[in-house]
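A.B. asks: What shape does this take:
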Amino acid sequence: MEKTLHDQVAIITGASRGIGRATAIKLASMGAHIAINYVRNDTAAQALAEEIEAMGRKAMLFKGDVKYPETITALFEKTMEQFQRCDIFISNAAKGVFGNVSRVGINGLDMALATGPKALYLGAQQALKYFGEKGGTIVALSSIGSIRCLPGYATVGTAKSALETVVRYLAVELGPKNIRVNAISGGPIDTDALDDFKDKDEIRTVWAKKTPLGRLGTAQEISSIVAFLCSEQSRWIHGQTIVADGGLTLKL
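C.D. replies: Below you'll find the model as predicted:
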């Protein structure tokens with residue numbers, strides 16, 4: 001594979017599993033070194049780092065929850081200490097409490113906002129500081145829950161909607177500094193993130209039937225779109241949210 005991101009450095013939050021992990025592997029295959037942010041699973045994070053290093057790329061592990069501003073600051077500082085550069089910031093981490101608005105309290109909402117739009121906002125400030133004159137790329141992972149009401153998804157959906165708004169404002173402000181900013185709004189992706197939904201097996205079946213392509217998406221498919229947005233092939237795409245849902249929202 002052509003190393004279109006040769007020796008670039010990508011920070012990926014929530015990188016030890018799911019879309020984050022697939023994105024780390026994809027960008028490494030394109031020549032990037034990866035700063036792996038994760039919260040809990042040391043074994044999974046270490047396995048990912050070893051896989052990346054087996055590809056001839058460098059990997060850095062950084063354990064910490066991006067809902068805390070100091071974690072984001074330290075993540076960028078450690079990346080610069082390790083690699084002396086930063087080119088790509090993938091804001092992928094997301095957390096929230098599932099349930100109806102009448103049940104989920106302020107803590108659940110705060111968690112979703114802190115790990116979503118707030119982490120993107122603060123991460124972009126750090127990226128602006130360290131990308132330098134060469135510029136760079138920011139990609140945020142959103143969800144169709146930002147534009148459609150999914151079961152029990154109020155807090156995360158609210159956060160994703162705000163995240164897409166942050167992307168637009170960042171694009172206008174950072175574009176002149178040669179920093180491109182985009183988001184990807186994924187439909188149902190067959191990862192363990194679906195386990196957060198009540199009646200998860202039934203939901204998988206229902207969503208697959210409703211999707212014109214007749215199935216759920218994969219983490220690898222989303223990671224390919226992330227990679228495209230990080231490449232020169234997408235250099236005229238800026239401030240956009242790309243919906244990748246197999247056509248599901250056409251029927252919702």
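
A.B. asks: all contacts plus neighbour counts: C-alpha atoms, from now on.
C.D. replies: OK.

A.B. asks: Now do the same contact list for residue 229.
C.D. replies: 137, 139, 182, 235, 237 (CA atoms under 8 Å, 6 or more residues apart in numbering).

A.B. asks: do you know how far the spatially most central residue of the chain is from residue 19?
C.D. replies: Residue closest to the mean C-alpha point of the chain, counted by CA atoms, centre = their mean, is residue 92 at 2.1 Å. Counting by CA to CA, to the nearest Å, the gap from residue 92 to residue 19 is 8 Å.

A.B. asks: Next: residue 205.
C.D. replies: 21 Å.

A.B. asks: number of nearby residues for the residue nearest to residue 114 when sequence neighbours are not counted?
C.D. replies: Of all residues not flanking residue 114 in the chain, residue 67 sits nearest, at 4.7 Å (CA to CA, 6 or more residues apart in numbering). When neighbours are counted by other CA atoms under 10 Å, residue 67 registers 21.

A.B. asks: ok so, going back, neighbour count winner among residue 205 and residue 19?
C.D. replies: The residue with more neighbours, out of residue 205 and residue 19, is residue 19; 25 against 13, by other CA under 10 Å.

A.B. asks: Any stretches of the stretch 1-150 of the chain with poor pLDDT?
C.D. replies: 1-2 (pLDDT under 70).

A.B. asks: So which bits of stretch 103-122 are buried?
C.D. replies: 104, 108-122 (16 or more other CA atoms under 10 Å).

A.B. asks: for stretch 230-242, that is, sorry about that
C.D. replies: Going by neighbour count (16+ other CA under 10 Å), the buried part of stretch 230-242 is 230, 238, 239, 240, 241, 242.

A.B. asks: As CSV, those residues with distance to residue 158 would be great.
C.D. replies: Putting the buried residues of stretch 230-242 into CSV (distance: CA to CA, whole Å) gives the following:
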residue, distance to residue 158
230, 26
238, 22
239, 19
240, 18
241, 15
242, 18
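
A.B. asks: Can you flag which of the residues you listed belong to strands?
C.D. replies: 241, 242 (DSSP state E).

A.B. asks: Generate a markdown table for the buried residues of stretch 230-242, with pLDDT and distance to residue 73 as supplementary columns.
C.D. replies: Output for the buried residues of stretch 230-242, formatted as a markdown table (pLDDT from 0 to 100; distance: CA to CA, whole Å):
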| residue | pLDDT | distance to residue 73 |
| --- | --- | --- |
| 230 | 98 | 22 |
| 238 | 98 | 25 |
| 239 | 98 | 24 |
| 240 | 98 | 26 |
| 241 | 98 | 26 |
| 242 | 98 | 28 |
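
A.B. asks: what's the closest of the buried residues of stretch 230-242 to residue 33?
C.D. replies: Set against residue 33, the nearest of the buried residues of stretch 230-242 by CA to CA is residue 230 (13.4 Å).

A.B. asks: Thanks a lot, see you next time.
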